[in-house]
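Trainee: Have a look; sequence and predicted model below, questions after that.
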Amino acid sequence: QKEVEQNSGPLSVPEGAIASLNCTYSDRVSQSFFWYRQYSGKSPELIMSIYSNGDKEDGRFTAQLNKASQYVSLLIRDSQPSDSATYLCAAENYGGSQGNLIFGKGTKLSVKP
Amino acid sequence: EAGVAQSPRYKIIEKRQSVAFWCNPISGHATLYWYQQILGQGPKLLIQFQNNGVVDDSQLPKDRFSAERLKGVDSTLKIQPAKLEDSAVYLCASSRNSNTEAFFGQGTRLTVV
C-alpha cells in the first residue's frame, strides 16, 4: 500500500451539491493530515489541516479523520463551479514538519453549473 | 506580503544538458522545500532546508540533482545531466519555521526533450 492513496477521479457533482473526497493512508506516515487545492497550472494551496479524530469545519469545508480506519475525507458543501480543481491529500512525514509532506495523486473535482 | 518567487517559469532543454532553478522564499521564512510534481501525480519532496542547513534530502537523486541555500535565504536547484523523466514542475515552498504552514511558489515547468 502506498503511504497516501486517493481516487484520481474525475469526480463530477452538480452545483450546490456536496462533494466528498476521500483518502486512505498507511502506517508509514504521521498523524497530521492536510488538504490542498490545486487549480490547473497553479501551485497547491492549503485548505484544511486535521490532527485529531473527528470532524473539523471551516466555512463550506469539513475535514474528517478516522485513525482506526486510516481514512481522511474532505466534504465541500454547496459546491460551486469555482471549486473545480484537483484536491490533494497529504500526510506529514515521520520526523518531518508541516511542509515535509507525502502527497496522494489528487482527485480531480468538476462542479457542473 | 510577497509570496514565494521562482524563476524561470518555463524551461525546455535537451537530455544530458544542465539546468538550474531559483527560489526566493517569503521574507523571514526559515524553512524552504523543493518539490517535484510529475504530470498527474502529487508533489514529491526532494529536499528541505532549515536556514542554510539540509534537514531532509532522502528523496533527492544525488547523482544528478543538487541544491543549495548558502545564505539561508535564496535557493537554487540544479539538475546535471537531465533525463527525459525529469520533465515535471519544480515547486519551491517556504514556511516561517518547521511547525507552520508551507506556502508554495508558482513553480518552474521543465520539459526535457
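Mentor: The structure has been received and is ready for your questions.
Trainee: Any regions of chain B where pLDDT drops low?
Mentor: Residue ranges of chain B with pLDDT under 70: B:1.
Trainee: Name the residues of it found near chain A, please.
Mentor: Within chain B, the positions lying close to chain A (Cβ under 8 Å from any Cβ of the partner chain) are B:31, B:33, B:40-45, B:48, B:55-56, B:91, B:93-95, B:97-107. To be clear about C-beta, it is placed using only N, CA and C from the backbone, and glycine gets the same treatment.
Trainee: Contact distance from chain B - what residues of chain A qualify?
Mentor: Going by Cβ under 8 Å from any Cβ, the residues of chain A near chain B are A:4, A:8, A:42-46, A:49, A:88, A:90, A:93, A:96-106.
Trainee: Of those, grab the buried ones for PyMOL.
Mentor: PyMOL command restricting the residues of chain A next to chain B to the buried ones, with burial defined by 16 or more other Cβ atoms under 10 Å in any protein chain shown:
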select buried, chain A and resi 4+43+44+46+49+88+90+93+96+97+98+99+100+101+102+103+104+105+106
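Trainee: The residue nearest the centre of chain B in helix, strand or coil?
Mentor: Centroid-nearest residue in chain B: B:W34, 3.2 Å away (criterion: Cα atoms, centre = their mean). Look at B:W34: counting by DSSP: H, G, I helix; E, B strand; the rest coil, its state is strand.
Trainee: Distance-wise, check it relative to chain A.
Mentor: 11 Å (Cβ to the nearest Cβ, to the nearest Å).
Trainee: OK, contacts around the residue nearest to B:L84 when sequence neighbours are not counted?
Mentor: Leaving aside its chain neighbours, B:L84 sits nearest to B:V112 (5.2 Å; criterion: Cβ to Cβ, 6 or more residues apart in numbering or on different chains). Contacts of B:V112 were listed using Cβ atoms under 8 Å, 6 or more residues apart in numbering or on different chains, and they are B:12-15, B:82-87.
Trainee: In strands, which of the residues of chain B next to chain A appear?
Mentor: Under the assignment DSSP state E, the residues of chain B next to chain A contribute B:31, B:33, B:44-45, B:48, B:55-56, B:91, B:93-95, B:103-104 to strands.
Trainee: now those in TSV, with distance to A:S26?
Mentor: Shown next, in TSV, are those (distance: Cβ to Cβ, whole Å):
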residue	distance to A:S26
B:T31	25
B:Y33	22
B:K44	16
B:L45	17
B:Q48	21
B:V55	23
B:D56	19
B:L91	24
B:A93	23
B:S94	28
B:S95	25
B:F103	27
B:F104	24
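Trainee: And the residue nearest to B:L84, how close does it get to chain A?
Mentor: Distance from B:V112 to chain A, by Cβ to the nearest Cβ: 19 Å.
Trainee: Mind pulling up the pLDDT for the residue nearest to A:Y39 when sequence neighbours are not counted?
Mentor: Nearest non-adjacent residue to A:Y39, counting by Cβ to Cβ, 6+ apart: A:A85, 4.8 Å away. We have a pLDDT of 97 for A:A85.
Trainee: what about residue 3, how many neighbours?
Mentor: As the question left the chain open, I've gone with chain A. Neighbour count for A:E3, taken as other Cβ atoms under 10 Å in any protein chain shown: 17.
Trainee: looking at chain B here, not the other one
Mentor: So B:G3, with other Cβ under 10 Å, has 14 neighbours.
Trainee: In three-state terms, label it for me.
Mentor: When classified by three-state DSSP, B:G3 comes out as coil.
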